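Asks: Provided below are the primary sequence and the corresponding predicted coordinates.
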Amino acid sequence: MNPYQIFKYVPLSVLQMLARITARIMMRLPNLSIVRTIKINMALIEPALTAKQKKTVIKDIVRHQCLSSVESIKSWAMPPEWSIEQIREVHNQEILIEGLANPNGMLAIVPHLGTWEMMNAWLNQFGSPTIMYKPVDGRFANEFILQGRARLNATLVPTDGSGVKAVFKTLKRGGFSIILPDHVPEPSGGVVVPFFGVKTLTSTLAPKLASKTKCALVGLSCIRRDDNRGFDIYCYKLDDPALYDRNTEVATHALNIAMQEMIEDQCSHYMWGYRRFKRIPNLGNPYRADSSKLQAFLKSAKDKRYKT
């Protein structure tokens with residue numbers, strides 16, 4: 001038996017309570033890798049925050065990330081019907097329905113925002129999407145996630161050339177696919193454009209697919225309700241013509257702007273514990289940079305931001 005299956009028998013409310021306790025402990029460990037990453041990300045995108053404001057924001061982010069982690073694990077352990085039952089309200093669902101009706105297919109743009117895994121079962125009710133999947137570290141963890149996703153009405157393809165071709169064919173047939181485009185790509189698969197005002201390497205896959213297929217682009221997020229009684233899904237119509245520009249840099253920047261607008265609605269729910277800015281021009285990896293070099297870069301970036 002896979003040890004992760006124990007999550008099937010632990011109530012979600014208990015897992016959420018444990019997640020909140022874990023978050024409080026993590027906040028007492030300022031040198032913890034994930035906390036340090038969040039601090040650096042906040043310094044990069046919100047340089048004007050006071051020390052008190054930073055502490056409050058970081059505390060909220062850590063709490064939400066811990067909660068999203070256990071909620072995702074719970075969704076993989078449970079049947080799809082359970083995840084669907086957790087969805088309380090869908091905002092602007094007509095945007096999704098319109099996108100799915102597009103004869104050129106639909107590409108769902110899903111940033112690492114909220115508990116996106118909880119949304120998968122609900123979204124799979126509308127058809128059989130093609131989803132790119134990269135194996136995670138650890139045999140038990142990978143098997144657990146795969147069996148959770150195998151229960152859904154989806155086709156999993158690898159994150160290589162064959163997977164890209166499969167997604168392209170799905171869109172050309174008028175089907176739909178789901179992409180999380182805010183990961184850090186290999187240099188060959190990205191361009192440097194701003195994200196939250198920080199120039200960084202960004203994946204070009206979604207913009208290239210949109211340009212070639214003219215598919216509909218729909219932003220989706222799944223956010224925990226304030227009363228902790230389920231989740232709400234938000235649908236965003238991404239129809240800026242720049243998203244389809246043949247200039248990949250223009251289109252990729254437009255996609256970053258669209259994702260930023262989605263994230264700003266629920267900023268503390270975004271996975272800021274992810275090292276999104278690993279490849280910054282004139283700095284490199286801020287998470288490994290010398291402290292004095294990082295501070296000098298942050299000061300320079302702050303000065304430039306407030307001069308413009």
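Replies: Now that the structure is in, tell me what you want to look at. Numbering: from 1, shown residues only.

Asks: tell me the mean pLDDT over the helix or strand encompassing Q53?
Replies: Using DSSP states H and E, Q53 falls within helix 51-77. On average, the pLDDT along helix 51-77 is 96.

Asks: how far does it sit from its chain's centre?
Replies: In terms of CA atoms, centre = their mean, to the nearest Å, the centre of helix 51-77 is found 13 Å from the chain centre.

Asks: buried sites along the following helix or strand past that helix?
Replies: Going down the chain from helix 51-77, the next helix or strand is helix 80-85, by DSSP H and E. Within helix 80-85, the residues that count as buried by 16 or more other CB atoms under 10 Å are P80, S83, I84. Placement of C-beta: from N, CA and C, glycine included.

Asks: tell me which other helices or strands the helix holding Q53 touches.
Replies: Under the contact definition 3 or more CB pairs under 8 Å, 6 or more residues apart in numbering; DSSP states H and E, helix 51-77 sits against helix 12-27, helix 33-45, helix 116-123, helix 139-150, strand 216-224.

Asks: again, 10 Å this time
Replies: Using 3 or more CB pairs under 10 Å, 6 or more residues apart in numbering; DSSP states H and E, the elements in contact with helix 51-77 are helix 12-27, helix 33-45, helix 80-85, helix 116-123, helix 139-150, strand 216-224.

Asks: quick one: distance of the fourth one to the chain centre.
Replies: Shown here is helix 116-123, whose average C-alpha point lies 13 Å from the average C-alpha point of the whole chain (CA atoms, centre = their mean).

Asks: ok, now stretch 158-168?
Replies: Distance, centroid of stretch 158-168 to centroid of chain: 19 Å (CA atoms, centre = their mean).

Asks: could you list the buried residues of it?
Replies: For stretch 158-168, using 16+ other CB under 10 Å, the buried residues are G163, V164, A166, V167, F168.

Asks: and it, C-alpha only, in PDB?
Replies: The C-alpha coordinates for stretch 158-168 follow below in PDB (Å, rounded to 0.1, in the frame of the first residue of the first chain):
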ATOM      1  CA  PRO A 158       5.200  13.900 -21.200                       C
ATOM      2  CA  THR A 159       6.700  17.400 -21.000                       C
ATOM      3  CA  ASP A 160       8.900  16.900 -24.100                       C
ATOM      4  CA  GLY A 161       8.500  17.300 -27.800                       C
ATOM      5  CA  SER A 162       6.000  14.400 -28.100                       C
ATOM      6  CA  GLY A 163       3.900  16.000 -25.400                       C
ATOM      7  CA  VAL A 164       3.800  19.300 -27.200                       C
ATOM      8  CA  LYS A 165       2.800  17.600 -30.400                       C
ATOM      9  CA  ALA A 166      -0.100  15.800 -28.500                       C
ATOM     10  CA  VAL A 167      -1.300  19.100 -27.100                       C
ATOM     11  CA  PHE A 168      -1.100  20.800 -30.500                       C
END
